[in-house]
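**Q** Need a 3D model of the sequence below.
(2 chains)
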2 protein chains.
Amino acid sequence: MHFTSEQRLDDGVLEREFTLGEIPGILWTPASVSASAPAPLILLGHPPLGLRKMYPRLVARARHSAAEGFATATIELPGSGDRPRWPAAEQARADLRRAMEAGEPVSDDIIDALTLPMVEKAVPEWQAALDALLSLPEIGGPVGYSGGVISIGIRLAAVEPRISAAVLFAGSFVPRALFEEARQVTIPLHVLLQWDDEGNDRQAALDLFDAFGSKEKSLHAHLGGHTGVPQFAGDAAAQFFTRHLK
Amino acid sequence: MHFTSEQRLDDGVLEREFTLGEIPGILWTPASVSASAPAPLILLGHPPLGLRKMYPRLVARARHSAAEGFATATIELPGSGDRPRWPAAEQARADLRRAMEAGEPVSDDIIDALTLPMVEKAVPEWQAALDALLSLPEIGGPVGYSGGVISIGIRLAAVEPRISAAVLFAGSFVPRALFEEARQVTIPLHVLLQWDDEGNDRQAALDLFDAFGSKEKSLHAHLGGHTGVPQFAGDAAAQFFTRHLK
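**A** This is a model prediction of the structure:
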């Protein structure tokens, strides 16, 4: 991990851009953090729209988390931002757009092609980022994962024992194969659902919540579309992490 | 309304028992409250098990609310505690028990007989209690309704304009007629659901949440059975009232 830039935000949060091999990322640490008082870490997931485009929302989440004493970090997803595309994903995105514009159901084939290769590529990258981040003296455990593409969150929660709790956003189509992995997840989960999400299948989201193997899981469904998650839902998610990571 | 007893709890909360005609009730007010600084009010709903049996849980909710600056009040439900039973309700309860023990689906007839007469009787009583409570100088508006038999909460939220926000517990069977009334509800709602509630129909609860006409509504589903609502769910409900009643 190489730090490539560093700036102090007005609330004292230290923002550092880094690269991990060819993957760009950003780390935010609260002003109060030091090697003798390391911060627990929340990995910030995000949709595959590119870190640059997502920056305003990510930095808002990072500042909010820093105020609660958490370090946060994120990395660019494969196929997003300046990272190379792959043709099958482009094709799947076009197929999805066509199906949704035609008002047709989104087939399992489209969902799989859109999601599974991204999960396969992304999860080892987030694990490598975790290796690097946890080697920094100012970052302690435990680690949470928050938001973004829920299929990546499911896989990470299932395979990465260093993740202790996760806030998942049931806001995108989930391949059937990931439902099986959801049964392997046992960490505490706080699942968000937008009740009228245009680009999601509500019943599938409810079935997914049901499938998670966790003994502590809660579903928080709010009226509104994909981008309408209310401010107080963010506060409740922050309280979930405070309960489980502190 | 006649106050029949008064005691100061150890945290300074004033607990007063009262009767409203033949109906017993309890009012709790925070220590800090006075005629010049009246408190907003939360009506505490409860299951039809009798105030005496419910007292430990009610007083815990009252203390929690008082710490947030809320007065709380509750009254005995018709057919509960020392109030007269009516034969049709006794019959419906026996029918419900028999159906559940036999693992049979609970028929609409049983649900209607169990619930509709109680709603018909209880709602005007809660409204009369509200008249009396709001005439006290130490109680101000706005008013919230919390918990208890959800069918009573639906009807109250639909017909009583002085109720500004409600926490509803989707933990009992709801007559089909109340689904229509749910569409008339427009106040902010915070709906609790226990995902594995033995005595409830999960899909009906989800359909009910969908039916509410409110623009701000959120569903908070937690793993576990009817009585397993976690402590942090109570905290989130309290924050909902603080957002809407203060």
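
**Q** And stretch A:60-67, what's buried?
**A** A:61, A:62, A:63, A:64, A:65, A:66 (16 or more other Cβ atoms under 10 Å in any protein chain shown). Where C-beta positions appear, they are placed from N, C-alpha and C, glycine not excepted.

**Q** sorry, that was for stretch A:83-97
**A** Quick answer for stretch A:83-97 (16+ other Cβ under 10 Å): A:83, A:89, A:92, A:93, A:95, A:96.

**Q** Tell me which helix or strand the last one sits in.
**A** So the one you mean is residue A:96. helix A:87-101 (DSSP states H and E).

**Q** mind listing what's buried in the top helix by length along chain A?
**A** Secondary structure assigned by DSSP state H gives helix A:108-134 as the longest helix of chain A. Neighbour counts over helix A:108-134 (16+ other Cβ under 10 Å) mark A:110-119, A:121-123, A:125-126, A:129-130, A:132-133 as buried.

**Q** Check stretch A:71-87 too.
**A** So, applying 16+ other Cβ under 10 Å, buried residues of stretch A:71-87: A:71, A:72, A:73, A:74, A:75, A:76, A:77, A:78, A:79, A:80, A:81, A:83.

**Q** host element of the second one?
**A** It refers to residue A:72. strand A:71-75.

**Q** what's next to that strand, contact-wise?
**A** A:20, A:23-30, A:33, A:39-46, A:51, A:58, A:61-62, A:65-66, A:125-126, A:129, A:133, A:138-139 (Cβ atoms under 8 Å, 6 or more residues apart in numbering or on different chains).

**Q** Those residues in strands, which ones?
**A** A:20, A:23-29, A:39-45, A:139 (DSSP state E).

**Q** sorry, back to before: hey, what's the angle from the helix holding residue A:96 to helix A:108-134? Just curious.
**A** Orientation of helix A:87-101 against helix A:108-134 (axes from the mean of the first three to the mean of the last three Cα atoms, to 10 degrees) gives an angle of 120 degrees.

**Q** Report the backbone C-alpha coordinates of helix A:87-101 in CSV.
**A** The C-alpha trace of helix A:87-101 is given here as CSV (Å, rounded to 0.1, in the frame of the first residue of the first chain):
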residue,chain,number,x,y,z
PRO,A,87,-16.7,-7.1,-22.2
ALA,A,88,-19.1,-9.6,-20.4
ALA,A,89,-19.9,-7.0,-17.8
GLU,A,90,-20.6,-4.3,-20.3
GLN,A,91,-22.9,-6.7,-22.2
ALA,A,92,-24.7,-7.7,-18.9
ARG,A,93,-25.2,-4.0,-18.1
ALA,A,94,-26.7,-3.4,-21.5
ASP,A,95,-29.0,-6.5,-21.2
LEU,A,96,-30.1,-5.3,-17.8
ARG,A,97,-30.9,-1.8,-19.1
ARG,A,98,-32.9,-3.3,-22.0
ALA,A,99,-34.9,-5.7,-19.8
MET,A,100,-35.8,-2.9,-17.3
GLU,A,101,-36.7,-0.4,-20.1
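
**Q** Return the distance of it from the chain's centre.
**A** 22 Å (Cα atoms, centre = their mean, to the nearest Å).

**Q** Against which helices or strands is it packed?
**A** helix A:108-134 (3 or more Cβ pairs under 8 Å, 6 or more residues apart in numbering or on different chains; DSSP states H and E).

**Q** and for the lowest-mean-pLDDT helix or strand in chain A, what are the contacting residues?
**A** The least trusted helix or strand in chain A, going by mean pLDDT, DSSP states H and E, turns out to be helix A:87-101, with a mean of 90. Here helix A:87-101 makes contact (Cβ under 8 Å, 6+ apart) with A:79, A:105, A:106, A:107, A:110, A:113, A:114, A:117, A:118, A:199.

**Q** From the buried residues of stretch A:60-67, pick the one nearest chain B.
**A** When the buried residues of stretch A:60-67 are ranked by distance to chain B (Cβ to the nearest Cβ), residue A:64 comes first, at 15.7 Å.

**Q** for the residue nearest in space to the middle of chain A, what are its contacts?
**A** Geometric centre of chain A, nearest residue: residue A:45, 2.1 Å, by Cα atoms, centre = their mean. For residue A:45, the contact set (Cβ under 8 Å, 6+ apart) comprises A:74, A:145, A:146, A:147, A:148, A:149, A:152, A:153, A:169.

**Q** just residue A:133 next, same as before
**A** Residue A:133 touches A:1, A:27, A:41, A:71, A:73, A:139, counting by Cβ under 8 Å, 6+ apart.

**Q** Chain B contacts on chain A?
**A** For chain A, the residues in contact with chain B (Cβ under 8 Å from any Cβ of the partner chain) are A:195, A:206, A:209-210, A:214-223, A:230, A:232-233, A:235-236, A:239-240, A:243.
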